[in-house]
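A.B. asks: sequence first, predicted coordinates after that:
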Amino acid sequence: MISELSQYITLRAGTVIATGTPFGSGKDMSPPVYLRSGDTVVGIIEGIGELRNMVGK
């Protein structure tokens, strides 16, 4: 995806590529599970680091 996008636009440090929600998460679960205030979302890239974001009100 990054390779394809970079052929048409300039990607700079901090560029966010929104790809949507993976199948089987959130509303697709049984019963549905949603993020709530105080939950933490963690994105990890091995060898680079992690990004943590807390869900606000």
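C.D. replies: Received it, and whenever you're ready, just let me know what you need.
A.B. asks: and the spatially most central residue of the chain, what helix or strand is that in?
C.D. replies: Centroid-nearest residue in the chain, with CA atoms, centre = their mean: G43, separated by 6.7 Å. Under the criterion of DSSP states H and E, G43 resides in strand 40-45.
A.B. asks: what's the first helix or strand after that strand?
C.D. replies: Criterion used, DSSP H and E; the element after strand 40-45 is strand 49-54.
A.B. asks: quick check: mean pLDDT across that following strand?
C.D. replies: Average pLDDT, strand 49-54: 95.
A.B. asks: report the angle between it and strand 40-45.
C.D. replies: Inter-element angle recorded for strand 49-54 and strand 40-45: 170 degrees (by axes from the mean of the first three to the mean of the last three CA atoms, to 10 degrees).
A.B. asks: okay, now the sheet partners of strand 49-54, with direction.
C.D. replies: Its sheet considered, strand 49-54 pairs with strand 40-45 (antiparallel) by DSSP bridges.
A.B. asks: contact partners of the partner strand?
C.D. replies: Here strand 40-45 makes contact (CB atoms under 8 Å, 6 or more residues apart in numbering) with 35, 50-55. Quick note: C-beta positions are derived from backbone N, CA and C, even for glycine.
A.B. asks: out of those, which are buried?
C.D. replies: In terms of neighbour count (16 or more other CB atoms under 10 Å), there are no buried residues within the contacts of strand 40-45.
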